[in-house]
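**Student:** Just a sequence and a predicted model for now, questions to come.
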Amino acid sequence: MKKIRALDDLDFLKNMLKDERIEREHAERRAHELEVKRQKEANLFKDFLKDVKPIPQINTVVLQAEKPPPIPLQKMLDDEQVLIEALSDEWDVERYLETDEGLSFRRNGIGQDALRKLRRGLWVVQSQIDLHGYRTDEAREAVTAFVKSCIKRDLRCVRIIHGKGLGSAGKEPVLKDKVKRWLVQKDEVLAFCQAPPRDGGAGALLVILKAYERRQR
């Protein structure tokens, strides 16, 4: 009886393995068929679209960035020329000067203490211009440009060397009085005085300039 049962069990096992193999083969066949079908559908879609062309965008508007306004160079040059020409050589400067030895100048609101420190050379000279060899028109333009540049750089104390006139006809300091007239007419100039000996003495002026006003955005 045991031998017969063993043979039955063996046949049962063989049949079970056979069924599993058949089922696995069916599953693999179905998977392969599904992959083939998927590939055919993908190729069919590609073939369907191969002659399709995109519709041109006839109503599309291309927006361009606004160009910055042109720099009014000529107007800037004209304005600069107006400033230069506005500095009169005939300005009555004497009534604006202090009655001290150096004929100093200080604008309303500037205290005597600031001018006193300037005379003593206690202000740090941050820049200078030397007008030796300049003609009057050249010197006027140079002083205007120098003051404008110093204001932009926020320099507060500068030196203007006008010379003592030793090299001019008649040994007269031609530019000395003219420079004072020009500076009094410029609102950016708060005060000036004759430089102490170590800074040029009678041949130079020390000038206090207005602080640079930065525009608020």
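**Tutor:** Happy to help now that I have it.
**Student:** Can you classify the nearest residue to residue 117 once chain neighbours are set aside as helix, strand or coil?
**Tutor:** Once flanking residues are discounted, residue 117 sits nearest to residue 123: 6.1 Å by Cβ to Cβ, 6 or more residues apart in numbering. In this view, the C-beta of every residue, glycine as well, is placed from N, C-alpha and C. Assigned with DSSP: H, G, I helix; E, B strand; the rest coil, residue 123 falls in the coil class.
**Student:** Residue 123 reaches residue 116, doesn't it?
**Tutor:** No: in this structure, residue 123 is not within contact of residue 116 by Cβ atoms under 8 Å, at 10.7 Å.
**Student:** And those two? Which one has more around it.
**Tutor:** Counted by other Cβ atoms under 10 Å, residue 123 and residue 116 do not tie: residue 123 has more neighbours, with 19 against 12.
**Student:** Could you check how far the more buried one is from residue 132?
**Tutor:** Distance, residue 123 to residue 132, by Cβ to Cβ, to the nearest Å: 23 Å.
**Student:** before we move on, back to that, what's near enough to touch the residue nearest to residue 117?
**Tutor:** 117, 156-157, 206, 208 (Cβ atoms under 8 Å, 6 or more residues apart in numbering).
**Student:** who wins for most neighbours among these?
**Tutor:** Result: residue 206 is most packed of the contacts of residue 123 (other Cβ under 10 Å), 25 neighbours.
**Student:** so what's the backbone phi/psi at it?
**Tutor:** phi -100, psi 130 (degrees, to the nearest 10).
**Student:** Please tell me I have it right and it contacts residue 156.
**Tutor:** No: in this structure residue 206 lies outside contact range of residue 156 using Cβ under 8 Å: 11.1 Å.
**Student:** Where does residue 19 sit: helix, strand or coil?
**Tutor:** Going by three-state DSSP: residue 19 is helix.
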